[in-house]
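build me a structure from this.
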Amino acid sequence: MQPEIHPHPKGNHARVLLSSVFGPYARDDEYGSRTVNPMELYHNQVTRVQKGFSLRMFHRSFGLLLLQANIDAPCTVLDFASLDRFIQEVCDQSYDIIGISAIFTNIEKVKVMCQMIRRYQPQAKIVVGGHIANYKNLNQEIDADFIVRGDGIAWFRQFLDQPINTPVNHPAVLSAFGTRIMGINLSDKPIDTAAILIPSVGCPVGCNFCSTSALFGGKGKFINFYENGDELFAVMTRLERTLNVNSFFVLDENFLLHRRRALRLLELMKIHQKSWVLNVFSSARVLRSYTMEQLVGLGIGWVWMGIEGKNSQYRKLEDVDTRKLVKRLQSHGIRVLGSSIIGLEHHNPENMDQIISDAVRHQADFHQFMLYTPVPGTPLYEAHKKNETLLSKKEFLPADAHGQYRFNYRHAKIEPGQEESFLLQAFEKDFQENGPSLARLIRTLLVGWQRYKISPDKRIRERYAREASPLRSTYAGAVWAMKRYYRDSPLLFSKLKILLSDIHREFGLKTRLVSALVGIFAYLQLLKEEARLTKNWKYEPTTFYERNSKAEKIQYRRNRIPQKSQKVTEIPMVSTIYLKFKKLTCIL
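Alright, predicted model coming up:
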């Protein structure tokens, strides 16, 4: 719970800027950017070694957009800006409150941004939130006025003297942008992209490593923005109408855990004949508690599920055969992203091959591998702190504690440096044995279509027909290209040959012809993509700059009044000289 705060003197007339940390991100620099930790969830943690087959996409800073949608004050969001663009904003515009959202690995960037705000807008109140707020000593390391842990909507409403308990207004935002695979840019049109849906935050399961659970109170704690299925259905209907979408990426740590809400949503979907697709996070035990008819009826098309690791002691996996569960889900066309941990307490060099092999044998459509990392605020972090096994900042920089490089503590059984090789071994084995995730996803879609294409439920038929539509053309072409690419790899060539034959058999001569034409194009694009990657090509997100209606009105009035011009071209030089001069205070 946040301590009582006094409202800002200007109340909901205060001008607010909300910003993510600055980029570029996919490089190594003194501010904490890392080549191995780009601003891409999939390429970072899931399809990391899949080269041209890696799924590339970006996701907006949804927390900032949710805040903006619930702030009555003039509010601007600056997302994925460069440092110079951020400095330009605080030079050119006047703000009363500037909020920064970050994770702990970006603490150096937050320090610099706070310094720039103090330099150019000393009157502004600085508010820092996000997962970085879990770090108990944060107020000693950055120059911020407020550090907000937990419910940022309630905090900002109180600070801006707004009613706290009014219903949460859900922003209409697409879940991803800049999607590309095999060197081909995919459509960002709403009809081809899911809307983001945030029913709840926090997770009552409370795994010891979970930063999200810790941020919202830990085990047994969570915040429901929408308590029941009726409220959630109303939000989804509005998003469907506003964005012209029929699928939703449900950003909720364990959406199906709220059973009554989920089943009421199912009831309403049936009544109103909604053939929506829901992409969800869920624990294995919760998934198993639903019938397959319920999951399919809810439109569950994709599941991110914690597998964690063989012999892990997490209750959410108790008495669950995760391999059997994955196969069952896939047999109904539900794609599975399995998540496994490298470096649990019982892991050691002697059993690591077995642990990795067990994870790979799940044959999940996608597989995330992460190092067992104690993040500030979590029970795991506190346990290592108590045992004095955490590495100091001199030994290990916070920027490197992102779960894809090294342990930020002394592991009892794994020597420093071994962990990264184990992590890469897991990614490579999964890729070599199971092939590109795209091919696995296509196989699961085909299986689902074949099972439900003659379903007596029109709602179900329509959903599977819509999801299977690319199999007739673009996906068939992708498989053709993959088959060509793996012509010298007997195992994967055989799998892809069978998959392509099954697609041709299912959809006929037209698809057979189209697959070759599309496949030739896809194959050539794939070769170009891999050539780019060989030359160390980096992918960075677009900068977003968005004002709400009140901020737009202020800007409109400001533009009608002659302003003293600032030499924007000088700002990069100013920032560079200043940062070099202040280097020690910026990075220590």
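
any idea how far the residue lying closest to A102 once chain neighbours are set aside is from N224?
If the residues on either side of it in the chain are set aside, A102 comes closest to I132, at 4.4 Å by C-beta to C-beta, 6 or more residues apart in numbering. Bear in mind the C-beta positions are built from the backbone N, C-alpha and C, glycine included. Separation of I132 from N224 (C-beta to C-beta, to the nearest Å) stands at 24 Å.

looking only at neighbour counts, state which of these two leads.
Between I132 and N224, counting by other C-beta atoms under 10 Å, I132 is the more crowded of the two (27 against 16).

and the more buried one, helix, strand or coil?
Classification of I132 using DSSP: H, G, I helix; E, B strand; the rest coil returns helix.

which helix runs longest in the chain?
helix 509-534 (DSSP state H).

which helices and strands does that one pack with?
If you count contacts as 3 or more C-beta pairs under 8 Å, 6 or more residues apart in numbering; DSSP states H and E, helix 509-534 packs onto helix 474-485, helix 490-507.

for the longest one, which helices and strands make contact with it?
Under the contact criterion of 3+ C-beta pairs under 8 Å, 6+ apart, helix 490-507 touches helix 437-452, helix 474-485, helix 509-534.

just the residues contacting stretch 280-295, thanks.
Stretch 280-295 is contacted by residues 205, 250-257, 259, 263, 266, 300, 302-307, 315-320, 322, 325, 328-329, 332, 334 when judged by C-beta atoms under 8 Å, 6 or more residues apart in numbering.

contacting residues around the residue nearest to A176 when sequence neighbours are not counted?
What sits nearest to A176 in space, not counting adjacent residues and going by C-beta to C-beta, 6+ apart, is M57, at 4.6 Å. Residues near M57 by C-beta under 8 Å, 6+ apart: E40, L41, Y42, A176, F177, G178, T179, R180.

rerun at 6 Å
Residues in contact with M57 (C-beta atoms under 6 Å, 6 or more residues apart in numbering) are A176, G178, T179.

run through the stretch 1-150 of the chain and note the low-pLDDT ranges.
Within the stretch 1-150 of the chain, the segments meeting pLDDT under 70 span 1-4.

which parts of it are helices?
Using DSSP state H, counting those that start in this stretch, the helices assigned to the stretch 1-150 of the chain run over residues 41-45, 62-69, 83-92, 107-120, 138-141.

any idea how far stretch 87-99 is from the chain center?
Chain-centre distance of stretch 87-99: 27 Å, with C-alpha atoms, centre = their mean, to the nearest Å.

now tell me what touches that stretch from outside.
Outside stretch 87-99, the residues touching it (C-beta under 6 Å, 6+ apart) are 10, 14-18, 78, 116-117, 120-121, 124-127, 571, 575.

all helices in the stretch 251-400 of the chain, in order from the N-terminus.
Along the stretch 251-400 of the chain, the segments classed as helices by DSSP H, counting those that start in this stretch run 259-271, 284-288, 292-297, 322-330, 352-360, 379-387.

out of those helices, which comes closest to T166?
Smallest distance to T166 across those (C-beta to C-beta): 20.1 Å, for helix 259-271.

need the contact list for the nearest residue to G202 once chain neighbours are set aside.
Nearest residue to G202 in three dimensions, chain neighbours excluded: F216, at 3.0 Å (C-beta to C-beta, 6+ apart). Residues counted as contacts of F216 (C-beta under 6 Å, 6+ apart) are G150, V201, G202, I223.

out of those, grab the one that's most surrounded.
Ranking the contacts of F216 using other C-beta under 10 Å puts G202 first, with 25 neighbours.

surely it meets F222?
Yes: with contact defined as C-beta atoms under 6 Å, G202 counts as touching F222 (3.6 Å).

G217: neighbour count?
Count around G217 with other C-beta under 10 Å applied: 18.

got the phi and psi for it?
Torsion angles at G217 (phi, psi; degrees, to the nearest 10) stand at phi 110, psi -10.

next one: it from R149, what distance?
Distance, G217 to R149, by C-beta to C-beta: 9 Å.

for Q450, same thing?
Taking C-beta to C-beta, one finds Q450 at 48 Å from R149.

and what of L17?
Counting by C-beta to C-beta, the gap from L17 to R149 is 21 Å.

before we move on, what about N165?
20 Å.

for Y290, same thing?
Relative to R149, and taking C-beta to C-beta, Y290 is found at 33 Å.

which of the two has more neighbours?
Taking other C-beta under 10 Å, Y290 and R149 do not tie; R149 has more neighbours (23 against 19).

the more buried one against A133, yeah?
Yes: using C-beta under 6 Å, R149 is in contact with A133, at 4.1 Å.

ok, of the contacts of stretch 280-295, which come out buried?
205, 250-257, 263, 266, 300, 302-307, 316-317, 320, 322, 325, 328-329, 332, 334 (16 or more other C-beta atoms under 10 Å).

pLDDT wise, what is the residue lying closest to G306 once chain neighbours are set aside at?
Once flanking residues are discounted, G306 sits nearest to S339: 5.0 Å by C-beta to C-beta, 6+ apart. For S339, the pLDDT comes out at 96.
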